[in-house]
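In: got a sequence here, can you model it:
(one chain, ligands or ions: 2)
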Amino acid sequence: MSNVFGSNSIDIPSKESIWQVFQTVKDIPGLNLVEKAWASYYVYMDNDLFATGLLFFLLHEVMYFGRCLPWYIIDRTPYFKKYKIQPNIYPSDKEQWECTKSVLKSHFFVEALPIWFFHPICEKIGVSYDVPFPSWSKIALQVSIFFFLEDAWHYWFHRGIHYGSFYRIIHKQHHRYAAPFGLAAEYAHPIEVMLLGFGTVGIPIVWCYFTRDLHLFTICIWITLRLFQAIDAHSGYEFPISLHHFLLIWAGADHHDEHHHHFIGNYASSFRLWDYFLDTEAGDTAKKTREKHSKTRAELMAQKT
Ligand SMILES: [Zn+2]
Ligand SMILES: [Zn+2]
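Out: Ligands and ions are numbered 1, 2, ... in the order given. Below is the predicted model:
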């Protein structure tokens, strides 16, 4: 029997189809449509461990490839060429297919196994999955915190794997495409997948370990938005309506495209803050500014001595 109703003693026997379960669940007062669908799914599956594992595996596949598809179509539509950051480099169908196969291999052989351990870990540290869900304001606040924490994790570990042998052994695979495209977001060595993936999956777990206040639905929202961020950052397109024009600290595609183009600088994932304050911005303009700053510093030092 599922624990999706938590301490509320609602016992709905599993039915033949999820629709039949939904017909019973829909009459429970105080639940919105998403919560009813969520509860029906867990009741129908009748095995919470398997239900969470399958949910996260499918969420990852649907959101990843679902978000990559529009970018694939945009790449094949001449109208959008004026928005391409590196307009003369397009991934061939062969490259995209090779990339898809590699990403799928990683999803099945590197990520599928840890996903099945996700539910027991969640139960142990107190991640709830019952209905109703937390308020939208709490979900928004926690997801925003995860964005900032993941960005810090990503900045330091991504910068770390650009050093010497780490780059050669681990990170070189991800830099195969100097002009990235959506599907290349998760094209990476298994060690990199685990290391940088911890920022996405591990941070909410650590957060819940200390706060004892997190819902599985919030993690679903967070992982979906983080996937969208990573895929969009690799899209290779910069539009007048791109988010960083309105939210100035947001990194976006032009930030990460420069990283792939120059192989150095712009190590953060979602925000421009770490690279700005630690002087690791990529690109010719940033290089000139850096040189100007160090020249000014040298002149000031010379005046003092
Ligand atoms: Zn890199
Ligand atoms: Zn990248």
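In: would you confirm that residue 280 contacts residue 272?
Out: No. Residue 280 is beyond contact range of residue 272, at 10.7 Å (criterion: CB atoms under 8 Å). For the C-beta atoms, the positions are set from N, CA and C on the backbone; glycine is no exception.
In: burial measure for residue 145, as a count.
Out: 15 (other CB atoms under 10 Å).
In: I misspoke; the intended subject was residue 177.
Out: Residues near residue 177, counting by other CB under 10 Å, number 17.
In: one more: residue 230?
Out: Quick note: residue 230 (other CB under 10 Å) scores 21 neighbours.
In: what helices or strands is the helix or strand encompassing it leaning on?
Out: Element membership for residue 230 (DSSP states H and E) is helix 216-233. Judged by 3 or more CB pairs under 8 Å, 6 or more residues apart in numbering; DSSP states H and E, helix 216-233 is in contact with helix 48-75, helix 136-160, helix 190-211, helix 252-262.
In: what lies in contact with the shortest one?
Out: If I follow you right, that is helix 252-262. Helix 252-262 is contacted from outside by 85-86, 175, 177-180, 232-238, 242-244, 265-269, 272, 275, 282-283, using CB atoms under 8 Å, 6 or more residues apart in numbering.
In: give me the below-cutoff pLDDT ranges for the stretch 201-305 of the chain.
Out: 305 (pLDDT under 70).
In: buried among the contacts of helix 252-262? Make that a ChimeraX selection.
Out: The buried residues among the contacts of helix 252-262 can be selected in ChimeraX (16 or more other CB atoms under 10 Å) with this line:
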select :85,175,177,179,180,232,233,234,235,236,237,238,242,244,265,266,267,268,269,272,275,282,283
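In: residue 18 reaches residue 44, doesn't it?
Out: Yes. Applying CB under 8 Å, one finds residue 18 in contact with residue 44, separated by 4.2 Å.
In: so which of these two has more stuff around it?
Out: Neighbour comparison, residue 18 and residue 44: the larger count goes to residue 44, with 20 against 16 (by other CB under 10 Å).
In: quick one: that one from residue 28, how far?
Out: Counting by CB to CB, to the nearest Å, the gap from residue 44 to residue 28 is 15 Å.
In: related to what we said a few turns ago, and for the helix holding residue 230, what's in contact with it?
Out: Helix 216-233 has contacts (CB under 8 Å, 6+ apart) with 34, 38, 52, 55-56, 59-60, 63-64, 67-68, 71, 122, 127-129, 133-134, 138-139, 142-143, 146-147, 150, 182, 185-186, 200-201, 204, 251-253, 255-256, 269-270.
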